[in-house]
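Engineer: only the shape, not the letters, is given here:
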């Protein structure tokens, strides 16, 4: 099981969901001790991780870099769909991007 992503409102209601049955998010993640990562290294494959609107520009930058670096075509496509979710959260108030690990 991979790391599913959801856009949620301030009450925890799911607005949009992107499942990860092939564990593609893990392909895009940096190591947890990668000090060049300010957001993505904290996505917990075994727990839940929440990002808010002010974090979206940093998350988008890191995600774009990960997409460019990977040679896995499926992970690239999954990453692009995640970027669309990041964009939605950055454009509206009271939305959060939440990652659900195992």
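Structural biologist: Looks like it arrived, so ask away. Treat the numbers as computed from the prediction; the structure is a model and nothing was measured. Residues are numbered from 1 along each chain as shown.

Engineer: phi, psi of the residue most central in space within the chain?
Structural biologist: Centroid-nearest residue in the chain, with Cα atoms, centre = their mean: residue 82, separated by 5.8 Å. Torsion angles at residue 82 (phi, psi; degrees, to the nearest 10) stand at phi -60, psi -40.

Engineer: ok, now residue 23?
Structural biologist: phi 60, psi 40.

Engineer: for it, give me the pLDDT.
Structural biologist: You'll see residue 23 listed with a pLDDT of 97.

Engineer: could you do residue 78 as well?
Structural biologist: 98.

Engineer: contacting residues around the closest residue to it other than its chain neighbours?
Structural biologist: Nearest-residue entry for residue 78: residue 24, 4.0 Å, with adjacent residues in sequence omitted and distances by Cβ to Cβ, 6 or more residues apart in numbering. C-beta here means a position set from N, CA and C on the backbone, and glycine is covered the same way. Residue 24 makes contact with 2, 72, 74, 75, 78, 79 under the criterion Cβ atoms under 8 Å, 6 or more residues apart in numbering.
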